[in-house]
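*Asks:* Just the structure for this:
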Amino acid sequence: MGAGISRRRFVQGAAAAAFSASCLISRRALAANDVIRVGVVGLGIRGLGTHIPRMAELPGVAIAAVCDADRSRMAAAAKLCEEKYNQKVHQDLDVRSLLDRKDIDVVCNATQQYWHALGTIWACQAGKHVYVEKPLSHYIWEGRQMVNAARKYKRIVQCGTQQRSCAADGEIIAWIRDGNLGKIKLVTAFADKLRTSVGKRSEPLPIPPEIDYDLWCGPAKKLPIYRDKLQYDCSFDWNTGDGESANQGVHEIDLARWLLGVDEWPRRVMSIGGRFAFDDAADCPNTQIIYYDYPDMPLIYQVHNMSVAKGSNQRTKFRGWTRGAGVAVDCEGGYAIINFGGKVYDNKGKLIKKFTGREDHFANFIEAVRAGRPELLNADVLEGHRSTCNCHAGNISYRLGRKAAKDDIRRVTREIPAWDETFDRLLAHLKAHEIDVDAATITLGPWLRPVPGEERFENNPEADRLVKGLYREKFMVPEVSV
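*Replies:* Here you go, the predicted structure:
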């Protein structure tokens, strides 16, 4: 790839060009002076703190409606829109009411991921374009239905993997792919994000009266909650979340796929880990390694959610990286770490180059909507689906795992390239929390082998059951044929 290639051309790739040819938007393109009216669904950290301000501040865009099963969050969002952006908005408790509105052009889906698929498919069926947060889906199968819905109803659907709209990321990836550091030897994606216990109650958490709990649960099982908070910590419960390796990991896996230029699944996937130190109501791992076996290229993802040591309030840092997450690329002539820009080091650890810049993901989405041109998207729903599939595959291996001692794990993994350093880091982290690694058992997941060209696994019905998942009857995610 030539050094002069544009960011736009590099980001789009051949897949986006094929999409453009096969999926023309049926409605007219919006004129430059038309106001694009947005409905924001899900008014937590991303919806209230990012979607509303980023959309409201774009020229020719107005927030027309807000929606959340939590009435207090919805009222706060409406107040923000009116007081800060002078936009009086309609309030809808149920997303279906918002989708019935004819004056909504775009839906911003900032719900938790277990609501992403159903909300996005419904929006496409209602003729709305969609910006949907990451991870794209809660199950692999429903992610494919989201892609199908975008294609069938000719809607523009952007996944919230916003690093795809960061010019600096495109530049450093192009620079590495041009061979400036020599051949790539290893890619390590990591999340060193400090998390705390979600708590463990003896009695179910009382649901505040301002929350419609049936709507809040939506497609997920309607169960009593034994953690201390209802919101956000649901990311670490398999019923409603997918753990750090999907919650955060889809960003890093997406960057790694972009760097490596791979669209297909790896040949096989395996995960180990556990939930250590926290005696709480969550069941997703806070310490995890996922190994993606791509031809001639190891891709490793590692999660460290505990503090650096027992009694500390500091998080771990991969090679001293201060941003908490990123992708490290080891090459013959040095290494780089990428995360909304990046830094390049030689083999002695000396900094030799920096890449800096901001992302414009919401603006990119609105540009595509206004033009009626899905090929302009930097993170089309299919790209989001591919990256999210990888994250789910690693978690499926973990969820089907057995307890194993460290020596047993070493026997199983002894032929994996670059494994030992990553595993040693995990063991050292456990020791820093005064966990006896010789006595401790770690969950060892099975090798899963994706069937080429299909979204299922070879000879593993248990894994395939977790590909599709389960839904409550009145919130079934529909199968969408194209």
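*Asks:* Every contact and neighbour count from this point should use C-alpha atoms.
*Replies:* OK.
*Asks:* Check the residue minimising distance to the centre of the chain and give its pLDDT.
*Replies:* Per C-alpha atoms, centre = their mean, the C-alpha nearest to the average position across the chain is that of Pro135, at 2.9 Å. Looking at Pro135, its pLDDT reads 98.
*Asks:* so where's the chain shaky on pLDDT?
*Replies:* Applying pLDDT under 70 to the chain flags residues 1-29.
*Asks:* Helix or strand next in line after the longest helix along the chain, which one?
*Replies:* Longest helix in the chain by number of residues (criterion: DSSP state H): helix 381-399. Later in the chain than helix 381-399, the nearest helix or strand by DSSP states H and E is strand 402-404.
*Asks:* ranges for the helices of the stretch 201-350 of the chain?
*Replies:* Secondary structure of the stretch 201-350 of the chain (DSSP state H, counting those that start in this stretch): helices at 213-217, 244-247, 249-260.
*Asks:* Check the offset of the longest helix of the chain from the chain's centre.
*Replies:* Its chain's C-alpha centre and that of helix 381-399 lie 9 Å apart, by C-alpha atoms, centre = their mean, to the nearest Å.
*Asks:* who does it touch, helix- and strand-wise?
*Replies:* helix 140-152, strand 157-159, helix 244-247, helix 249-260, strand 268-274, helix 461-468 (3 or more C-alpha pairs under 8 Å, 6 or more residues apart in numbering; DSSP states H and E).
*Asks:* which of those is buried the deepest?
*Replies:* Of the helices and strands packed on helix 381-399, the one with the most neighbours on average (mean count of other C-alpha atoms under 10 Å) is strand 157-159, at a mean of 29.
*Asks:* Can you identify the element that follows it toward the C-terminus?
*Replies:* With elements assigned by DSSP H and E, the helix or strand that comes after strand 157-159 is helix 167-177.
*Asks:* so that following helix versus helix 249-260, what angle?
*Replies:* Counting by axes from the mean of the first three to the mean of the last three C-alpha atoms, to 10 degrees, helix 167-177 lies at 40 degrees to helix 249-260.
*Asks:* now for helix 167-177, which elements pack on it?
*Replies:* Contacts defined by 3+ C-alpha pairs under 8 Å, 6+ apart place helix 167-177 against helix 7-22, helix 249-260, strand 342-345, strand 351-355.
*Asks:* Can you give me the first-to-last residue distance of stretch 472-480?
*Replies:* One end of stretch 472-480 sits 18 Å from the other (C-alpha to C-alpha, to the nearest Å).
*Asks:* Need the contact partners of that stretch.
*Replies:* By C-alpha atoms under 8 Å, 6 or more residues apart in numbering, the surrounding residues in contact with stretch 472-480 are Ala117, Leu118, Glu142, Gln145, Met146, Asn148, Ala149, Gly218, Pro219, Ala220, Lys221, Tyr471.
*Asks:* try 10 Å this time
*Replies:* 115, 117-119, 121-122, 141-142, 144-152, 215, 217-222, 470-471 (C-alpha atoms under 10 Å, 6 or more residues apart in numbering).
*Asks:* give me the beta-bridge partners of the closest residue to Asp92 other than its chain neighbours?
*Replies:* Spatial nearest neighbour of Asp92, excluding adjacent residues (C-alpha to C-alpha, 6 or more residues apart in numbering): Cys67 at 4.7 Å. With DSSP bridges as the criterion, Cys67 is bridged to Val41, Asp92.
*Asks:* Kindly reformat the helices of the stretch 201-350 of the chain as CSV containing distance to Ala328.
*Replies:* Converted to CSV, these look like this (distance: least, C-alpha to C-alpha, whole Å):
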stretch, distance to Ala328
helix 213-217, 37
helix 244-247, 16
helix 249-260, 9
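*Asks:* which ones are touching Ile36?
*Replies:* 30, 55, 58-64, 103-106, 366, 369-370.
*Asks:* and with 7 Å instead?
*Replies:* Residues counted as contacts of Ile36 (C-alpha atoms under 7 Å, 6 or more residues apart in numbering) are Gly60, Val61, Ala62, Asp105.
*Asks:* Could you measure from it over to Phe362?
*Replies:* Distance of Ile36 to Phe362, computed by C-alpha to C-alpha: 13 Å.
*Asks:* and Trp447, how many neighbours?
*Replies:* 17 (other C-alpha atoms under 10 Å).
*Asks:* Please apply the same query to Val437.
*Replies:* Counted with other C-alpha under 10 Å, Val437 comes out at 16.
*Asks:* Kindly report the same for the one 4 residues further on.
*Replies:* Using other C-alpha under 10 Å as the criterion, Thr441 is surrounded by 17 other residues.
*Asks:* what do you get for Val187?
*Replies:* Here the number of neighbours of Val187 (other C-alpha under 10 Å) works out to 25.
*Asks:* How about Pro417?
*Replies:* 17.
*Asks:* That one - nearest residue in space that isn't next to it in sequence?
*Replies:* Pro298 is the one closest to Pro417 (C-alpha to C-alpha, 6+ apart), at 6.7 Å.
*Asks:* tell me the contacts of the one you found?
*Replies:* Leu186, Val187, Tyr292, Pro417 are the contacts of Pro298 under C-alpha under 7 Å, 6+ apart.
*Asks:* And the strands in the stretch 51-200 of the chain?
*Replies:* Per DSSP state E, counting those that start in this stretch, the stretch 51-200 of the chain carries strands over the ranges 61-67, 90-92, 106-109, 129-132, 157-159, 184-191.
*Asks:* a markdown table for those, including distance to Ile176?
*Replies:* Converted to a markdown table, the strands of the stretch 51-200 of the chain look like this (distance: least, C-alpha to C-alpha, whole Å):
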| stretch | distance to Ile176 |
| --- | --- |
| strand 61-67 | 37 |
| strand 90-92 | 47 |
| strand 106-109 | 34 |
| strand 129-132 | 30 |
| strand 157-159 | 25 |
| strand 184-191 | 8 |
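*Asks:* Looking at these, which is nearest to Pro452?
*Replies:* Nearest of the strands of the stretch 51-200 of the chain to Pro452, taken as C-alpha to C-alpha: strand 184-191 at 22.5 Å.
*Asks:* can I assume the residue nearest to Asp92 is in contact with Ser97?
*Replies:* No: assessed by C-alpha atoms under 7 Å, Cys67 is found out of contact with Ser97, at 9.0 Å.
*Asks:* the more surrounded of these two?
*Replies:* Using other C-alpha under 10 Å, the more surrounded residue of Cys67 and Ser97 is Cys67, with 28 against 11.
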